[in-house]
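>>> Sequence and predicted structure are below.
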Amino acid sequence: MSLFLRRYAFLDRRVFGVLYLGSTLWALGHFALGVVLWTLSAYVARTGIDPRWLLATLAAVCLAILFRRSAPGAALALATAAVVADALLGPSTWVLVTYGDILYAVCVWGRRRLAYGTLAVVAAATAGLVAFLLYALAAGGLPGGLLSVFQALGIAVLIFLAPMTTGLSVREHHLRAELERERARQIERMAELDRGSAIAEERGRMARELHDVIANHLSAIAVQSTAALSLRDPDPGRIRQILGVVRDNSVQGLAEMRQMIGVLRAEDDLDLERVMPRLSEADRLVTTAREAGLHTGTTERGTPRPLPVQVDAAAYRIIQESLTNALRYAQPRRVDITVDYGAPDAAGQALLVLTAENEVAAAPERTWRSELGSGAGLAGMRERVALLGGDFEAGPPGGDPRRWRVRAALPYDTGEPAAGPDTDMEPRT
């Protein structure tokens with residue numbers, strides 16, 4: 001069907017800006033066939049009327065066909081006038097048939113009110129004609145008897161009502177097809193928007209992962225390199241220690257990068273969960289930070305529980321970014337990390353609270369460290385917490401400009417009933 005439509009799509013081309021090529025060819029065909037039938041005397045000859053006048057009415061109704069798509073109302077008015085004149089002069093067979101085509105066109109391309117109004121008028125006229133014939137039959141003045149009534153009804157149905165009902169059916173199919181096309185376009189647009197949203201979300205996730213993987217190790221490398229360059233008297237032992245820290249961070253950063261690239265290239269999404277970092281692995285972050293010269297105190301409160309994969313990975317990344325920021329800005333070089341496993345409520349909903357707090361130096365003393373950060377780390381932490389429906393705060397606690405605190409509260413479902421009160425564990429330094 002689509003091949004047929006493409007093959008004959010040229011019939012929808014415009015001629016002189018207002019006429020359709022298909023309608024023009026159709027009008028010429030009607031006129032040619034009407035002339036042939038006229039030469040075969042397919043009309044009712046009236047005494048004293050030249051039959052050549054019927055060619056004029058045929059030409060008029062064929063002229064209406066030219067405008068049946070561009071101006072259905074005007075075409076109907078012209079064709080109706082031509083049919084009335086033809087009925088007075090003849091009538092002729094093909095004019096009536098052509099008028100049926102005009103009625104079909106009105107139902108397909110005309111306005112809805114015009115189409116159904118015309119159908120009502122034609123139906124009423126047909127009913128009136130049948131009633132008149134039945135009355136004449138009852139009065140005994142109808143030649144042919146009941147057969148004449150059925151013949152008149154059949155002609156009215158075939159020439160007038162059948163084309164109109166067919167046209168209305170085609171009209172409904174056109175409207176339904178247009179609605180389906182519009183629905184398909186809407187679905188396509190929604191799919192494109194979903195695709196764009198998924199791409200943007202994936203880009204944001206990748207940006208957060210790359211930042212967290214690279215920033216921690218590169219920050220440690222940058223801090224140690226700066227410390228080595230600031231040594232006035234070269235100390236082989238100290239330089240060797242610094243180079244060891246630089247090497248360890250480089251190797252760890254490369255390993256995590258290879259791991260992430262492997263996940264991006266893998267087809268199975270389950271691989272992503274297998275390589276996601278977990279909060280239980282945060283000890284190596286603390287070890288790396290201490291090797292870089294950052295004194296780190298860690299405290300656990302409550303009873304450690306198995307965490308959902310997304311919460312586990314987010315907690316690891318938040319601690320990683322907090323240590324990275326402390327490595328850049330803490331003065332003195334110390335940070336305190338607190339992990340609080342809140343007791344679940346009656347519905348089994350618990351809250352994991354992560355806190356990192358350190359002192360900071362005045363702005364002039366932090367100039368070289370400020371070049372290491374762009375604020376993407378805080379934005380990444382805030383996005384991670386927001387995706388999990390938690391709360392995130394970062395800034396001076398109580399307005400104290402000498403301190404900086406990061407607090408992230410991550411809700412998660414334990415699937416367990418409410419437990420007893422939390423028990424505090426001794427700080428580990």
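Perfect, thanks for sending it.
>>> So which bits of the strand or helix carrying residue 250 are buried?
Using DSSP states H and E, residue 250 sits in helix 236-265. Neighbour-count burial for helix 236-265, counted by 16 or more other CB atoms under 10 Å, picks out 241-242, 245-246, 248-249, 252-253, 256, 260, 263. Placement of C-beta: from N, CA and C, glycine included.
>>> and what of stretch 147-164?
Of the residues in stretch 147-164, those buried (16+ other CB under 10 Å) are 149, 152-153, 156, 159-161, 163-164.
>>> mind exporting it as CSV, just the C-alpha atoms?
What follows is stretch 147-164, C-alpha atoms only, in CSV (Å, rounded to 0.1, in the frame of the first residue of the first chain):
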residue,chain,number,x,y,z
LEU,A,147,-41.4,-1.3,-9.2
SER,A,148,-41.1,2.4,-9.9
VAL,A,149,-40.7,3.2,-6.2
PHE,A,150,-37.9,0.6,-5.8
GLN,A,151,-36.2,1.8,-8.9
ALA,A,152,-36.3,5.5,-7.7
LEU,A,153,-35.0,4.4,-4.3
GLY,A,154,-32.3,2.3,-5.8
ILE,A,155,-31.1,5.1,-8.0
ALA,A,156,-31.1,7.6,-5.1
VAL,A,157,-29.1,5.2,-2.9
LEU,A,158,-26.6,4.2,-5.6
ILE,A,159,-26.0,7.7,-7.0
PHE,A,160,-26.3,9.9,-3.8
LEU,A,161,-26.4,8.0,-0.5
ALA,A,162,-23.8,5.3,-1.2
PRO,A,163,-21.0,7.8,-2.3
MET,A,164,-21.7,9.9,0.7
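>>> Verify the assumption that residue 393 is located in a helix.
No - Residue 393 is assigned strand when assessed by DSSP: H, G, I helix; E, B strand; the rest coil, not a helix.
>>> which residues touch it?
The neighbours of residue 393, taking CB atoms under 8 Å, 6 or more residues apart in numbering as the test, are 405-408.
>>> just the strands in this protein please.
14-15, 19-20, 295-301, 330-341, 349-360, 391-395, 403-413 (DSSP state E).
>>> As CSV, these with mean pLDDT and distance to residue 133 would be great.
Shown next, in CSV, are these (pLDDT from 0 to 100; distance: least, CB to CB, whole Å):
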stretch, mean pLDDT, distance to residue 133
strand 14-15, 64, 43
strand 19-20, 78, 39
strand 295-301, 91, 100
strand 330-341, 90, 95
strand 349-360, 91, 83
strand 391-395, 91, 86
strand 403-413, 91, 82
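>>> So which of these is nearest residue 114?
strand 19-20 (18.6 Å; CB to CB).
>>> Mind listing the strands the closest one pairs with, and their directions?
Paired strands of strand 19-20, with direction, are strand 14-15 (antiparallel) (DSSP bridges).
>>> can you map out the helices along the stretch 1-150 of the chain?
Assigned by DSSP state H, counting those that start in this stretch, the stretch 1-150 of the chain shows helices spanning 2-7, 21-39, 53-66, 72-89, 93-109, 112-139, 146-156.
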